[in-house]
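**Student:** return atomic coordinates for the entry below.
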Amino acid sequence: MGEAISYTLKFWSRLIVYCNDGRLEIDNNGVENKIRHLAIGRKNWMFSVSQSGAKASANLYSLIETAKAIGLNEYDNLKWVFAKLPAAGTVENVEALLPWNLGKTGLVNWAHR
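**Tutor:** So this is what the prediction gives:
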């Protein structure tokens, strides 16, 4: 018990940092719940037998989860992105397709590039 108390006191300032900022959560359960399906399905993604395949998978999952987090329909978002991606000739056009750039302004701006 003494070791546990000593450990707690040693890291007390780090343990209570969330008390000073109401935006911070006491735990990361929300994030863990959002990525749980990725961990459960890990064995289903054996196609990622290379570093390139794993990177592609991670990019795709990031796009999907980001779209969900900001309230976009992930299927419609990906369908739109994959339709527009072949015509995105510049880095700026590709970046404009990222979920956080797809507000009405982002779609209008991209269409005029």
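
**Student:** what about the protein, any weak spots by pLDDT?
**Tutor:** 40-47, 103-113 (pLDDT under 70).

**Student:** longest helix anywhere in it?
**Tutor:** What stands out as the longest helix in the chain, according to DSSP state H, is helix 51-69.

**Student:** so after it, what's the next helix or strand?
**Tutor:** Scanning forward in sequence from helix 51-69 by DSSP states H and E, the next helix or strand is helix 74-84.

**Student:** thinking again about what came up before, just the angle between the longest helix of the chain and helix 74-84, please?
**Tutor:** 120 degrees (axes from the mean of the first three to the mean of the last three Cα atoms, to 10 degrees).

**Student:** how far is helix 51-69 from where the chain is centred?
**Tutor:** Distance, stretch centre to chain centre, for helix 51-69: 8 Å (Cα atoms, centre = their mean, to the nearest Å).

**Student:** I would like the residues contacting that helix, please.
**Tutor:** 34-35, 38, 45, 47-48, 73-74, 77-78, 81, 98-100 (Cβ atoms under 8 Å, 6 or more residues apart in numbering). Using the backbone N, CA and C atoms, a C-beta is placed for each residue, glycine as well.

**Student:** out of those residues, which are buried?
**Tutor:** By neighbour count, with 16 or more other Cβ atoms under 10 Å, these hold 77, 78, 81, 99 as buried.
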